[in-house]
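**Q** Using only what follows, build the 3D model:
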Amino acid sequence: MAGSSTNQVPPRVGVDEFSANAALVDGVRRYGAGWASGALAAVGRLVGSAEFHEQARLANLHPPLLHALDRYGERQDEVEYHPSYHRVLGDAIAHGAHTSSWADPRPGAHVARAAAFMLFAQIEPGHACPVSMTHAAVPALARENAVGRSWLPLLYGTGYDPRLVRPAEKPGVLVGMAMTERQGGSDVRANTTRAVDTGDGTARITGQKWFCSAPMSDAFLVLAQESAGLSCFLVPRVLDDGTKNTFRIVRLKSKLGNRSNASAEVEFEDTLGWRIDEPGRGVRAIIEMVHETRIDCVLGSAAGMRQAVTEAVWHARHRRAFGRLLIDQPAMAAVLADLAIEAEAATALGLRLAATDDGGTPQGPHAASRERSFARLATAVGKFWVCKRGPGHAAEALECLGGNGYTEDFPLALRYREQPVMAIWEGSGNVVALDVLRTLAREPSSAEALADELETQRGVDPTLDRQLGRALSLLSDAVHEPEEAQPWARRLAEELALALQAVLLVGHAPSSVAEAFVAARLGEQRALGYGCLPDKADVKAILDRV
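**A** Sure, this is the predicted structure:
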């Protein structure tokens, strides 16, 4: 019959995305955030609802519009978003996906916030950009007492008002960043934007920025050159007297990934900014912000992997081919299970990194300094590997849906376009791999802290032991000869990441998941593609966790 939906898969809606995610539930409990399970289940039901999925779809169907000038030719410099984008972003803010861990610090707070962030990012990735940047701006603003006292309470607000008005008039604010320039990219020390000191803790900034995400945020952290060197400034869109700060939006970027959120090129001219930290210490001021956004890159990639594998498994459980359900066909089941263990490994590593902000695990807390050292190295390692795996994972999951997956009517087309940004934002592959070496050179204790974590599962599995030997040998060589290690910095990051993921899964995940990951990723014939699980893998047990 024309129009029949025979053998077509129903939408995956009406799901509690938190409670259905065994890896996320386990991690939240493991790191002392079990107290947030009820609230996270509420978020899970919200983002898993048909209504939220529709809001996400509409937000990406109707991209932002730039209004550089008003009807009279005067500067307007505003971006118009579809109401669905505001709805999604407002929901995330209301549930504390941005700054709840800073606003209400307690054991497990950062893990609870990470879980909420992942749940929202799993369904609609674009809004996660301003949510993440606002979260990450808190440590930078906390460095400057005067600025922090006035702005931090606004960042902690759980109300969202998209209007471009004075921050004091809003129930909460969002903070973005404008760091890179067309001639420098990741080399921010090559920036040419200038700042002229006014003598009262502020400066007048003039220059251009090549990338500025979420340009309708209420303020931005901006890097600019002073006589003392590169400094960091907080630049509000609207000043205390209600006038607009000079913030010219030149154009919106035509991006590969999501359509819901805007990224822009912007210009400053005599723009007022409040200095954060000391003159010439701009990189130091933003280093913690970069650290937090890198963790969110891992969390965002893991959330994307979760969406990809759930959609693929859902499809296989409802679609018949060649006389039986796809899920019952061994070749397909092997691919799905392999996608599942990759997503679980990414989730385990992302939550472990989030837990470092809480100071360690309740079961066996490290000394605070050791945990910080671990975080500095493990975050770069995780950012490199998990984000690098995201695009290939999305492509394989999309393939499981066949032709439907290749259309924009289904969510994996957007996910396939979106995953590469996590490997680029806050440092692409070479930048992050070299940061691993820089961390080892500047803070040797980071190598000791990561090695301690890896050694916790020594002797459990001979294949894992061989991986630990490879990873720790490379780590030792890099510590002693960091310059010579540059050509194989990527290999170092990969081997450390695989070892850390395996240790986390062996220590905490069901044996079905841990053993399959170790055999598929660390064995003598390890395959970094998908569908190459060992014959003994308990595929059903793995898929039951999806």
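
**Q** any low-confidence regions in the stretch 251-400 of the chain?
**A** 360-367 (pLDDT under 70).

**Q** mind listing the strands in it by residue range?
**A** 263-276, 320-321, 324-325 (DSSP state E, counting those that start in this stretch).

**Q** and the closest residue to Val147 other than its chain neighbours, bridged to which residues?
**A** Closest residue in space to Val147, ignoring its immediate chain neighbours: Trp274 at 5.1 Å, by CB to CB, 6 or more residues apart in numbering. To be clear about C-beta, it is placed using only N, CA and C from the backbone, and glycine gets the same treatment. Residues in a beta bridge with Trp274, per DSSP bridges, are Thr202, Leu234.

**Q** Look up how far Ser445 lies from Trp274.
**A** 34 Å (CB to CB, to the nearest Å).

**Q** okay, these two: which has more neighbours?
**A** Using other CB atoms under 10 Å as the criterion, Trp274 and Ser445 rank with Trp274 on top: 20 against 15.

**Q** Isn't the more buried one up against Phe233?
**A** Yes - with contact defined as CB atoms under 8 Å, Trp274 and Phe233 form a contacting pair (6.2 Å).

**Q** Identify the residues contacting the residue nearest to Ala348 when sequence neighbours are not counted.
**A** Leaving aside its chain neighbours, Ala348 sits nearest to Leu504 (4.3 Å; criterion: CB to CB, 6+ apart). For Leu504, the contacting residues are 345, 348-349, 352, by CB atoms under 8 Å, 6 or more residues apart in numbering.

**Q** just Val250 next, same as before
**A** By CB under 8 Å, 6+ apart, the neighbours of Val250 are 68, 208, 264-267.

**Q** and the residues you listed, which two are the farthest apart?
**A** Ala68 and Gln208 (14.7 Å; CB to CB).

**Q** Could you look up the SS state of Lys209?
**A** Classification of Lys209 using DSSP: H, G, I helix; E, B strand; the rest coil returns strand.

**Q** Was I right to think it contacts Met179?
**A** Yes - contact criterion CB under 8 Å: Lys209 and Met179 qualify, at 7.2 Å.

**Q** intersection of neighbour lists for those two?
**A** In contact with both Lys209 and Met179: Val222, using CB under 8 Å, 6+ apart.

**Q** Can you list the low-confidence ranges for the protein?
**A** For the chain (pLDDT under 70), the answer is 1-5, 360-367, 525, 527-528.

**Q** Name the helix or strand for Met177, please.
**A** strand 175-178 (DSSP states H and E).

**Q** Which other helices and strands does that strand contact?
**A** With contacts defined as 3 or more CB pairs under 8 Å, 6 or more residues apart in numbering; DSSP states H and E, strand 175-178 has these neighbours: helix 128-142, strand 202-213, strand 219-226.

**Q** Weed out the non-buried ones from the contacts of Val250.
**A** Buried subset of the contacts of Val250 (neighbour count, 16 or more other CB atoms under 10 Å): 208, 264-267.

**Q** Just send those back as a markdown table, with distance to Ala303 too.
**A** Shown next, in a markdown table, are these (distance: CB to CB, whole Å):
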| residue | distance to Ala303 |
| --- | --- |
| Gln208 | 33 |
| Ala264 | 25 |
| Glu265 | 28 |
| Val266 | 28 |
| Glu267 | 34 |
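
**Q** Of the residues you listed, which is the nearest to Leu533?
**A** Ala264 (44.2 Å).

**Q** Now do the contacts for that closest one.
**A** Neighbours of Ala264 in contact, by CB under 8 Å, 6+ apart: 66, 79, 211-213, 215, 249-253.

**Q** and stretch 287-302, which residues are buried?
**A** Buried residues in stretch 287-302 (16+ other CB under 10 Å): 288-302.

**Q** what do you get for stretch 238-248?
**A** Here stretch 238-248 shows 238, 245-247 as buried, counting by 16+ other CB under 10 Å.

**Q** Just flag the most distant two among those.
**A** Val238 and Thr246 (11.5 Å).

**Q** Tell me the one of the contacts of Val250 nearest Ala397?
**A** For those, the nearest to Ala397 is Ala264 (30.9 Å; CB to CB).

**Q** ok, the closest one to Gly390 distance?
**A** With CB to CB as the criterion, Ala264 and Gly390 are 24 Å apart.

**Q** try Ala497
**A** Relative to Gly390, and taking CB to CB, Ala497 is found at 13 Å.

**Q** quick one, which of the two is more surrounded?
**A** Gly390 (29 against 25).

**Q** Next, give phi and psi for the spatially closest residue to that one that is not a sequence neighbour.
**A** Spatial nearest neighbour of Gly390, chain neighbours left out: Gln419 (3.7 Å); criterion: CB to CB, 6+ apart. Gln419 has phi and psi values of phi -60, psi -30 when expressed as degrees, to the nearest 10.

**Q** I'd say Gln419 and Leu398 touch.
**A** No - applying CB under 8 Å as the test, Gln419 and Leu398 come out as separate, 10.4 Å apart.

**Q** For these two, indicate the residue with more neighbours.
**A** More crowded of Gln419 and Leu398, by other CB under 10 Å: Gln419, with 27 against 21.

**Q** got the contact list for that one?
**A** Contacts of Gln419 (CB under 8 Å, 6+ apart): 257, 301, 304, 390-391, 393-394.

**Q** Ser231 in helix, strand or coil?
**A** Quick answer, by three-state DSSP: Ser231 is strand.

**Q** Please apply the same query to Ala423.
**A** helix.

**Q** residues near it, how many?
**A** Using other CB under 10 Å, Ala423 has 22 other residues around it.

**Q** Okay, it and Trp35: tell me how far apart.
**A** 34 Å.

**Q** what do you get for Val479?
**A** 39 Å.

**Q** again, but for Phe18
**A** 14 Å.

**Q** the more surrounded of these two?
**A** The neighbour count for Phe18 versus Trp35, taken as other CB under 10 Å, is higher for Phe18 (26 against 14).

**Q** what's the residue lying closest to the more buried one once chain neighbours are set aside in contact with, if anything?
**A** Nearest residue to Phe18 in three dimensions, chain neighbours excluded: Gly44, at 3.0 Å (CB to CB, 6+ apart). Residues counted as contacts of Gly44 (CB under 8 Å, 6+ apart) are 15-21, 119.

**Q** repeat for Ala321
**A** So Ala321 contacts Gln329 (CB under 8 Å, 6+ apart).

**Q** Now do the buried residues in the helix or strand in which Leu24 is found.
**A** Taking DSSP H and E as the criterion, Leu24 maps to helix 22-30. For helix 22-30, a neighbour-count test (16+ other CB under 10 Å) marks 22-28, 30 as buried.

**Q** Now tabulate those in TSV and tack on distance to Leu412.
**A** Listed next are the buried residues of helix 22-30 as TSV, based on distance: CB to CB, whole Å:
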residue	distance to Leu412
Ala22	21
Ala23	20
Leu24	20
Val25	24
Asp26	25
Gly27	24
Val28	26
Arg30	29
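
**Q** Nearest to Leu58 among those residues?
**A** For the buried residues of helix 22-30, the nearest to Leu58 is Leu24 (26.3 Å; CB to CB).
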